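**Q** Give me the fold of what follows.
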Amino acid sequence: MNKTLIYFLFAIVVIAFTTGGCENDDYYPKPRGYFRIATPEKSYVKLDSNLNYSFEYPGYARITNDYITEGKHNWINIFYPDFKGTLHLSYKPVQDNLPKLIRDAHEFVDKHIPKANAIERRTFINDSASVYGLVYEIKGTGAATPFQFYLTDSSRHFVRGALYFNTKPNNDSLAPVIDFIEGDINQMIETFHWNDKKNNKNLNLN
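**A** You can find the predicted model right below:
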């Protein structure tokens with residue numbers, strides 16, 4: 001190997017080390033990217049059932065029974081197969097226990113405070129349908145549920161809803177889906193009504 005080639009290889013090694021050791025003050029880490037999530041066109045259908053309540057739900061979701069709480073006729077799930085998400089709806093009759101039901105709903109939300117950056121609360125009032133409630137938007141990358149809410153007529157019925165995804169919590173990557181389902185939840189709440197008559201004293205709440 002001649003001296004010219006040796007010097008050339010030596011220069012390449014020196015340049016490589018020098019370049020690698022220099023700091024670049026203009027470098028900024030690139031934000032993490034996520035795959036684009038396709039969402040279907042909005043469409044709603046009326047929940048036609050013998051439940052104690054009804055509302056409009058998205059046509060691209062499925063209504064299933066809550067098998068974990070067998071025998072709870074008014075407990076259902078709204079399942080989003082494309083997003084692996086489920087809105088769980090639980091029902092309790094109001095029998096001199098409304099303060100406790102509301103307190104329990106607050107406590108379910110408070111459990112997510114350690115993982116939440118902020119919790120926004122929004123009241124809902126529909127006097128014509130006797131539907132009153134509170135919607136919680138739980139913000140934070142690691143929050144297990146981004147939305148919870150409760151609705152009541154303050155005298156007979158109480159429904160609590162909670163949205164969960166069957167994935168590891170990462171609400172940054174799920175942001176488009178969360179925003180999409182938020183619109184569905186708002187539609188459901190705004191069209192929510194009770195399936196009874198106010199003067200029906202013999203209503204079966206079981």
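
**Q** Show me where this protein has its strands.
**A** With strands called from DSSP state E, the chain shows them at 44-46, 53-54, 56-58, 62-65, 76-80, 85-93, 118-126, 131-139, 147-152, 157-165, 193-194.

**Q** If you count contacts, what does the third one end up packed against?
**A** Yep, that's strand 56-58 we're talking about. strand 44-46, strand 76-80, helix 175-190 (3 or more C-beta pairs under 8 Å, 6 or more residues apart in numbering; DSSP states H and E). (C-beta placed from N, C-alpha, C; glycine too.)

**Q** Can you tell me which of the ones you listed is most buried?
**A** Of the helices and strands packed on strand 56-58, the one with the most neighbours on average (mean count of other C-beta atoms under 10 Å) is strand 76-80, at a mean of 20.

**Q** packing partners for that strand?
**A** With contacts taken as 3+ C-beta pairs under 8 Å, 6+ apart, strand 76-80 sits against strand 56-58, strand 62-65, strand 85-93.

**Q** So which of those strands is nearest Asn117?
**A** The closest of the helices and strands packed on strand 76-80 to Asn117 is strand 85-93. By C-beta to C-beta, the value is 20.3 Å.

**Q** quick one: that closest one to strand 76-80, angle?
**A** 170 degrees (axes from the mean of the first three to the mean of the last three C-alpha atoms, to 10 degrees).

**Q** pLDDT of strand 85-93, averaged?
**A** On average, the pLDDT along strand 85-93 is 95.

**Q** Helix or strand with the lowest mean pLDDT in the protein?
**A** Ranked by mean pLDDT, DSSP states H and E, the weakest helix or strand in the chain is helix 3-21, scoring a mean of 39.

**Q** Using JSON lines, lay out the helices and strands packed on strand 76-80 together with mean neighbour count and distance to Asp110.
**A** Formatted as JSON lines, the helices and strands packed on strand 76-80 follow (neighbours: other C-beta atoms under 10 Å; distance: least, C-beta to C-beta, whole Å):
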{"stretch": "strand 56-58", "mean neighbour count": "20", "distance to Asp110": "28"}
{"stretch": "strand 62-65", "mean neighbour count": "12", "distance to Asp110": "28"}
{"stretch": "strand 85-93", "mean neighbour count": "20", "distance to Asp110": "17"}
